[in-house]
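A.B. asks: Provide a 3D model corresponding to the input given below.
(one chain, ligands or ions: 2)
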Amino acid sequence: MKIDFHVHTYYSKCALSSPEDILKTAVKKKLNGLAVTDHNTCKGYYKMRKIKTELLIIPGVEIKTTSGDIIGLGVTGEFKDVKTPEATIEIIHDLGGLALIPHPFDYLRNGIGLKIKDLKPDLIEVYNAGMMTPFGNRLAQEYVKHTSYGVTAGSDAHIIGELGAAYTLVEEGSVDDILSSLVKNRKKYFGRLSPIHWLLLRKIRSKIR
Ligand SMILES: [Zn+2]
Ligand SMILES: [Zn+2]
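C.D. replies: Residues are numbered from 1 along each chain as shown. Ligands and ions are numbered 1, 2, ... in the order given. So this is what the prediction gives:
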């Protein structure tokens, strides 16, 4: 199954896509599922769950910490207080979720950077299609070789055109099956960077919203 593990709905302030449009586009792009990872909220996930679809929808949330973003996969809730990455990972684990470090080496977009060495997440995002240049993804791919973490790829789509630009390949199964097999995934993913004009368009439109 092709799963895009990093998708934003318009419940993220900087994103423009409705849950309905995301599902329609995901089907057109032949994705089998996606993780809704809005910033600090799960409202988009709850909305999407109510729409009839064949796609597998995985709950998630991209949580801002004092050092950068961390995604909780398989968790729901509102996360308004900014805590340390260590405390955030602990909360994700207490909720039974997986801690995923997205775009670790994207210093322009809240990447956690070298702080990653002090943390014990479950997964590292080794391909994020929203990176401005390929270097941050290469650094993440290189870093993960020295660890035993599982890997994911995701589009980090904030506008509909970006959806599915990167995805992770998983065996068919329920949300729980997929999340538990993900920690063993070391290389099954695909990604290409989203065109730069989309990234710029997203920046401009989020400013005027
Ligand atoms: Zn982020
Ligand atoms: Zn994101």
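A.B. asks: My guess is Glu78 contacts Cys42. True?
C.D. replies: Yes - with contact defined as CB atoms under 8 Å, Glu78 reaches Cys42; the gap is 7.1 Å. All C-beta spots, glycine's among them, are computed from the backbone N, C-alpha and C.
A.B. asks: the more surrounded of these two?
C.D. replies: Cys42 (22 against 10; other CB atoms under 10 Å).
A.B. asks: Just give the closest residue to the more buried one, not the sequence neighbours.
C.D. replies: If the residues on either side of it in the chain are set aside, Cys42 comes closest to Thr76, at 4.4 Å by CB to CB, 6 or more residues apart in numbering.
A.B. asks: quick one: the one you found is in a strand?
C.D. replies: No - membership of Thr76 in a strand is not supported by DSSP: H, G, I helix; E, B strand; the rest coil, which gives coil.
A.B. asks: next one: phi and psi at Phe5?
C.D. replies: phi -90, psi 10 (degrees, to the nearest 10).
A.B. asks: Check Ile51 too.
C.D. replies: For Ile51, the backbone dihedrals are phi -90, psi 140 (criterion: degrees, to the nearest 10).
A.B. asks: Equivalent analysis for the one 10 residues further on, please.
C.D. replies: Recorded main-chain torsions at Val61 are phi -160, psi 140, according to degrees, to the nearest 10.
A.B. asks: For the residue nearest to Cys42, give me its contacts.
C.D. replies: For Thr76, the set of contacting residues under the criterion of CB atoms under 8 Å, 6 or more residues apart in numbering consists of Cys42, Tyr45, Tyr46, Pro59, Val61.
A.B. asks: Out of the residues you listed, which is nearest to Lys187?
C.D. replies: Closest approach between the contacts of Thr76 and Lys187, by CB to CB: Pro59, at 25.1 Å.
A.B. asks: Please report how far that closest one lies from ligand 2.
C.D. replies: According to CB to the ion, to the nearest Å, Pro59 and ligand 2 sit 15 Å apart.
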